[in-house]
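J.: Sequence first, then the predicted structure:
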Amino acid sequence: EELLGLPLKAPLCKYERVYTMPLLTISMGKGTGVVTSVPSDAPADYAAWMDLKKDNKLRKKYGITEEMVSLDIVPIIDTPLEGASADDRKLP
């Protein structure tokens, strides 16, 4: 919990800073509890990001501000079958 909302500098990121966010689908009892999130390409990460963007009550619970979730998702993988982001996945 102490790590949530901390600003980070991510190498090769288009943003000067990004923030640590909660991801409720991981076990906080294992390791550090900090993982790389890729909302452009991992549906669970996308859903968690959108929940935080839309739900002020959820953000408040974890000390996340609206500014911290104001960044646009940056696509990093584009394939002919799946597209460039988790929200435009195409089924075969």
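T.: Thanks, I have it.
J.: how close does the spatially closest residue to P7 that is not a sequence neighbour sit to E67?
T.: Among residues not flanking P7 along the chain, R17 sits closest, at 4.4 Å (Cβ to Cβ, 6 or more residues apart in numbering). Bear in mind the C-beta positions are built from the backbone N, C-alpha and C, glycine included. The gap separating R17 from E67 is 11 Å, by Cβ to Cβ, to the nearest Å.
J.: All the strands of the chain, residue numbers only.
T.: According to DSSP state E, the chain carries its strands in the segments 7-8, 18-19.
J.: Tell me how many other residues surround the residue nearest to P7.
T.: Using other Cβ atoms under 10 Å, the number of residues around R17 comes to 12.
J.: next one: I64
T.: By other Cβ under 10 Å, 21 other residues sit near I64.
J.: now do D72
T.: So D72, with other Cβ under 10 Å, has 8 neighbours.
J.: Who are the contact partners of it?
T.: With contact set as Cβ atoms under 8 Å, 6 or more residues apart in numbering, D72 has no partners.
J.: Return the distance of it relative to D45.
T.: Relative to D45, D72 is positioned 15 Å away (Cβ to Cβ).
J.: how far is the longest helix anywhere in the chain from where the chain is centred?
T.: As assigned by DSSP state H, the longest helix anywhere in the chain is helix 43-54. Chain-centre distance of helix 43-54: 7 Å, with Cα atoms, centre = their mean, to the nearest Å.
J.: quick one: buried residues of it?
T.: Within helix 43-54, the residues scored as buried using 16 or more other Cβ atoms under 10 Å are D45, Y46, A48, W49, L52, K53.
J.: Could you do stretch 56-74 as well?
T.: Residues of stretch 56-74 classed as buried by neighbour count (16+ other Cβ under 10 Å): R59, I64, M68, V69, L71, I73.
J.: Tabulate these in TSV, adding columns for distance to I26 and pLDDT.
T.: Supplementary listing: the buried residues of stretch 56-74 in TSV, determined by distance: Cβ to Cβ, whole Å; pLDDT from 0 to 100:
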residue	distance to I26	pLDDT
R59	18	94
I64	16	93
M68	19	92
V69	18	92
L71	21	88
I73	19	85
